[in-house]
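One predicted model, sequence on top.
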Amino acid sequence: MAGAESPGRAVGSAWTWRPVARDALLARAFHSCTELRGRFYLVGGLLEGGARVPSSDTVIFDPAGGQAVRLPARGSPLRSHHDAALVGGRWLCVVGGWDGSRRLATVAALDTESGVWEIWTANPGNSPPAGLSSHTCTRLSDRELRVSGREGGTRTQRRYGSIYTLKLDHSTRTYCYKEEGCHTVSRSGHCAALLPTAGPHPGHQLLLFGGCNSVEPEVAGQWSHGKIKEEPPVAPHLMEQLARLVSSGQGLQQGPQSLRHHSCSVVGPFAVLFGGETLTRARDTICNDLYIYDTRESQTNVRGREEGKT
């Protein structure tokens with residue numbers, strides 16, 4: 001958890017890199033990381049370079065104590081290249097991903113109160129994707145997720161990205177996919193950010209960043225005011241820092257191109273993108289660039305690209 005510090009930055013917006021944990025249990029890639037009650041749940045992933053079979057580990061990291069522990073949960077699924085969302089303040093739902101032999105569109109859920117994994121079943125009328133990997137899964141409510149990204153089996157891939165609404169019922173442990181009528185460009189390894197919209201008609205929209213050659217984000221859903229439950233700001237001081245960083249004029253106006261497998265954090269009106277793999281560089285394909293997307297002005301305004309080695 002860090003930010004880039006560079007000479008000449010506006011007063012009060014300087015960030016520094018600071019390691020918060022070093023633990024072998026945290027060493028993994030293509031996993032999911034979900035926060036619940038101040039702790040982070042890390043599920044699956046690949047534990048070493050070249051690995052073909054994903055891990056079935058569930059690791060809980062407590063940032064307050066700096067401690068990581070493996071959860072001895074029964075029925076933990078083999079998963080990588082998946083995504084996860086918290087439902088009902090209790091169930092950690094893992095959607096899609098790679099199980100070592102095929103791409104899935106199923107839902108497995110960890111009951112964080114009992115510490116047991118459950119395999120949820122599909123409702124009649126379910127119209128699932130052919131298979132999902134390196135997709136995104138965004139929580140809209142306790143009963144509805146929005147899934148987007150490239151789909152297909154191990155031999156075939158669509159040239160476009162489908163958008164699905166995934167309805168969940170934690171009381172019956174069931175789910176149901178519904179494909180939306182619109183599509184996106186083919187994306188893999190992108191990120192999704194549910195952000196407020198500015199202007200005379202406020203609301204929310206789901207934007208997709210990266211995962212293809214396009215610089216501009218793509219809209220994967222729009223909702224009018226009141227349709228999405230507003231969450232209170234959890235990091236007002238960080239919001240202030242980001243606002244100062246954007247207004248300082250540092251960085252470039254161009255958004256990320258050919259970026260994938262990066263991180264994305266929504267902080268109030270900002271989407272903060274960091275790191276990842278870029279296909280526009282011949283030698284060093286791993287970057288540590290920081291991008292800030294600012295929704296307070298224009299919806300195509302990507303502000304502040306900071307570069308520096310850590």
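Great, that's in hand. Residues are numbered from 1 along each chain as shown.

Identify the residue nearest the geometric centre of this protein.
Centroid check for the chain by Cα atoms, centre = their mean gives residue 191 as the closest residue, at 5.2 Å.

partners of the nearest residue to that residue once chain neighbours are set aside in the sheet?
In this structure, residue 191 finds its nearest non-sequential neighbour in residue 264, 3.5 Å apart by Cβ to Cβ, 6 or more residues apart in numbering. The C-beta positions use only the backbone N, C-alpha and C, and glycine is treated the same way. Per DSSP bridges, the residues bridged to residue 264 are residue 273.

And residue 264, how far from residue 81?
Separation of residue 264 from residue 81 (Cβ to Cβ, to the nearest Å) stands at 16 Å.

Between those two, which has more neighbouring residues?
residue 81 (25 against 20; other Cβ atoms under 10 Å).

So for stretch 74-89, what gets flagged as buried?
In terms of neighbour count (16 or more other Cβ atoms under 10 Å), stretch 74-89 has its buried residues at 76, 77, 78, 79, 80, 81, 82, 83, 84, 85, 86, 87.

Rounded mean pLDDT for that stretch, please.
On average, the pLDDT along stretch 74-89 is 94.

State which strand of the protein is the longest.
Identified as the longest strand of the chain according to DSSP state E is strand 174-185.

ok, that one: who's next to it in the sheet?
strand 121-122 (parallel), strand 160-169 (antiparallel).

Tell me which of these lies nearest to residue 33.
Smallest distance to residue 33 across the strands paired with strand 174-185 (Cβ to Cβ): 19.6 Å, for strand 160-169.

Quick check: mean pLDDT of that closest one?
So the average pLDDT for strand 160-169 ends up being 92.

again with stretch 240-260
For stretch 240-260, the mean confidence score works out to 86.

ends of it, how far apart?
27 Å (Cα to Cα, to the nearest Å).

Show me the shaky parts of the protein.
1-14, 151-159, 281-284, 297-310 (pLDDT under 70).

Break it into its domains for me.
Structurally, the chain divides into domains by automatic domain parsing as follows: 17-188, 189-310.

Please state the offset of the first one from the chain centre?
How far domain 17-188 lies from its chain's middle: 10 Å, per Cα atoms, centre = their mean, to the nearest Å.

same thing with stretch 253-260?
The answer for stretch 253-260 is 16 Å, by Cα atoms, centre = their mean.

Pull out the buried residues from that stretch.
255, 256, 258, 259, 260.

Run through who's touching it.
Contact partners of stretch 253-260, identified using Cβ atoms under 8 Å, 6 or more residues apart in numbering, comprise 134, 188-190, 209-217, 262, 273, 276-280, 287, 289, 291, 293, 301-303, 305.

now residue 75, nearest residue through space, not along the chain?
Closest residue to residue 75 apart from its sequence neighbours, by Cβ to Cβ, 6+ apart: residue 117 at 3.8 Å.

picking that back up, can you tell me how far the residue nearest to the centre of the chain sits from residue 78?
From residue 191 to residue 78 the distance is 24 Å (Cβ to Cβ).

and if you look at residue 230?
Taking Cβ to Cβ, one finds residue 230 at 37 Å from residue 78.

Equivalent analysis for residue 67, please.
For residue 67, the distance to residue 78 - Cβ to Cβ - is 25 Å.

next one: residue 59
Residue 59 is 15 Å from residue 78, by Cβ to Cβ.

all strands for the stretch 1-150 of the chain, in order.
Using DSSP state E, counting those that start in this stretch, the strands assigned to the stretch 1-150 of the chain run over residues 32-36, 39-43, 58-62, 67-70, 83-87, 91-98, 103-111, 116-119, 121-122, 136-141, 144-149.

hmm, back to that, just the buried ones from the contacts of stretch 253-260, in PyMOL syntax?
In PyMOL syntax, the buried subset of those is picked out as below (16+ other Cβ under 10 Å):
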select buried, resi 134+188+189+190+209+210+211+212+214+217+262+273+276+278+287+289+291+293+302+303+305
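
Counting neighbours, what do you get for residue 235?
Neighbours around residue 235, by other Cβ under 10 Å: 12.

Now do the same contact list for it.
By Cβ under 8 Å, 6+ apart, residue 235 lies in contact with 267, 268.

now do 6 Å
residue 267 (Cβ atoms under 6 Å, 6 or more residues apart in numbering).

Ramachandran coordinates for it?
Dihedral angles of residue 235 (phi, psi; degrees, to the nearest 10) stand at phi -140, psi 70.

do the same with the one 4 residues further on
Here is the backbone geometry of residue 239 (degrees, to the nearest 10): phi -60, psi -40.

Just give the nearest non-adjacent residue to it, would you?
residue 268 (4.3 Å).

coming back round to it: quick one: which of the buried residues of stretch 74-89 is nearest residue 49?
Using Cβ to Cβ, the buried residues of stretch 74-89 come closest to residue 49 at residue 80, 12.9 Å.

Much appreciated, bye for now.
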